[in-house]
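# build me a structure from this.
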Amino acid sequence: MKRRSKRFTLLLVFLAIISPLVVQAQLVQPMLAKEPVADVVRKAQTEFASDAFLTGIIFYRLKIQSMETSLDPATGKATGWIYTCYSPSRDSLVIYFAFKVLNKLTVIPSPVGVSIPGLGGQNLPELKEPYVDSDVALQSALNGGGGTFLQQHSDGRVSEAFAYFNPVPTPVVPRGTVWMLRFKSASDSLSCLINGVTGQAIRCGLPTSVSGVSRPHGLRLERNYPNPVVSGRTTRLTWSIPVEAAGGRAILEVRDVLGRHVATIYSGPAEPGVHQADWTPARSASGVYLLVLRSPFWKLTRKCLVLR
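Model (predicted):
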């Protein structure tokens, strides 16, 4: 389990290393999320793979000693953004961090390595125009409930923001480009989902708000129950995402032993908390299957046995 979350930890270490260097000097200039996109994609296509494309934009609020990254609610600008780019030919993801110092944009690959491989042969969807920038998305979130949250919590902040294309609609997240913004205080949090194309708020206060669920201490994909499961009957899948591993988009899917996609159980925000979903394998489908839970920063796998 520790190995599986190592990449995410390394990313945080990377941010911890560079943040004091740029923040302490008070030289960082906040910028909108879309400003570095062209430079990031160009760098990925030059240094990583020629077919690389943008899959996500992420902001995390990180506090290192007395310094912290921030996203200004008044402008939608952040002191640093994270970008994920995917290469179909390499079936791998690369992560970049972008910030601006003295009007000069800097794009740095994360120390996770050259790439994060092993996404199972299923292409990640591209985040492409048209989609609104972080200022529009944040304003909609403020109007939808985020502004009230900040007024009610003196220590409230914008803790996370991320944009991605969701290919599989769920009861929580519709298909299409979306922005997810999370407001957080010491005692509560509020998540707002924004239509990435129109900039209109879809909802605020998602069911998986930190205030309404248990708070797991580790990243886990539990053994499904029952296991084995008889084909045509339902088995319950449970997974846990701690606050430090939340953010971005999570996918829970079923694959056969050859890695071929069988079913998508969940596709949506990697919200903190304990989550559950059901899967009913086809009556003719017997054998060993893989339950795969992944985000841009981590990946968990468990085996499931289906019997006729």
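# distance of Gln151 from Ser185?
11 Å (Cβ to Cβ, to the nearest Å). In this view, the C-beta of every residue, glycine as well, is placed from N, C-alpha and C.
# show me which of these two is the more surrounded one.
Neighbour count, other Cβ atoms under 10 Å: between Gln151 and Ser185, Ser185 has more, with 18 against 9.
# what sits closest to the more buried one if chain neighbours are left out?
Nearest non-adjacent residue to Ser185, counting by Cβ to Cβ, 6 or more residues apart in numbering: His153, 3.8 Å away.
# need the contact list for the one you found.
The contact partners of His153, by Cβ atoms under 8 Å, 6 or more residues apart in numbering, come to Phe183, Ser185, Ser187, Asp188.
# now for Leu127: which residues touch it?
Leu54, Thr55, Gly56, Ile57, Ala163, Tyr164, Phe165, Thr177.
# can you tell me which helix or strand it belongs to?
Using DSSP states H and E, Leu127 falls within no helix or strand.
# phi first, then psi, for it.
phi -90, psi 110 (degrees, to the nearest 10).
# same check on Thr79?
phi -80, psi 0.
# make sure it is actually in contact with Phe59.
No. Using Cβ atoms under 8 Å as the test, Thr79 is too far from Phe59 to be in contact (9.1 Å).
# could you measure from the nearest residue to Leu27 once chain neighbours are set aside over to Thr79?
Excluding its sequence neighbours, the residue lying closest to Leu27 (Cβ to Cβ, 6+ apart) is Val101, at 4.8 Å. Taking Cβ to Cβ as the measure, Val101 falls 10 Å from Thr79.
# what segments of the stretch 151-300 of the chain are helices?
With DSSP state H, counting those that start in this stretch, there are no helices along the stretch 151-300 of the chain.
# re earlier: can you put the contacts of His153 in JSON lines and add pLDDT and distance to Asn227?
Output for the contacts of His153, formatted as JSON lines (pLDDT from 0 to 100; distance: Cβ to Cβ, whole Å):
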{"residue": "Phe183", "pLDDT": "89", "distance to Asn227": "38"}
{"residue": "Ser185", "pLDDT": "85", "distance to Asn227": "39"}
{"residue": "Ser187", "pLDDT": "80", "distance to Asn227": "37"}
{"residue": "Asp188", "pLDDT": "80", "distance to Asn227": "36"}
